[in-house]
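Q: Coordinates for the following, if possible.
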Amino acid sequence: MAEGNIIFKRKIYDKMLQWKTEQNGETALLVQGARRIGKSTIVKDIHG
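A: Numbers count the residues shown, from 1 in each chain. From the prediction side, this is the model:
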């Protein structure tokens, strides 16, 4: 996770990591939800 920042681990984090390793880029992931809840942040964290 990001250094120097406190980021709360979301419930979805482990499921997204599992998807990333199992699918290996073969499928897309659609992330939906309310505004300003950290969707982009968790995707960036998982991606890189």
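
Q: Any buried residues in stretch 36-48, and which?
A: 42, 45 (16 or more other C-beta atoms under 10 Å). Using the backbone N, CA and C atoms, a C-beta is placed for each residue, glycine as well.

Q: Show me what the helix ranked longest in the chain packs onto, helices and strands only.
A: The single longest helix within the chain, with elements called by DSSP state H, is helix 13-23. Judged by 3 or more C-beta pairs under 8 Å, 6 or more residues apart in numbering; DSSP states H and E, helix 13-23 is in contact with helix 39-47.

Q: average model confidence for the helix it packs on?
A: Across helix 39-47, the average pLDDT comes to 89.

Q: Let me know the angle separating it from helix 13-23.
A: Angle, helix 39-47 to helix 13-23, by axes from the mean of the first three to the mean of the last three C-alpha atoms, to 10 degrees: 50 degrees.

Q: roughly how far is helix 39-47 from the heart of the chain?
A: 4 Å (C-alpha atoms, centre = their mean, to the nearest Å).
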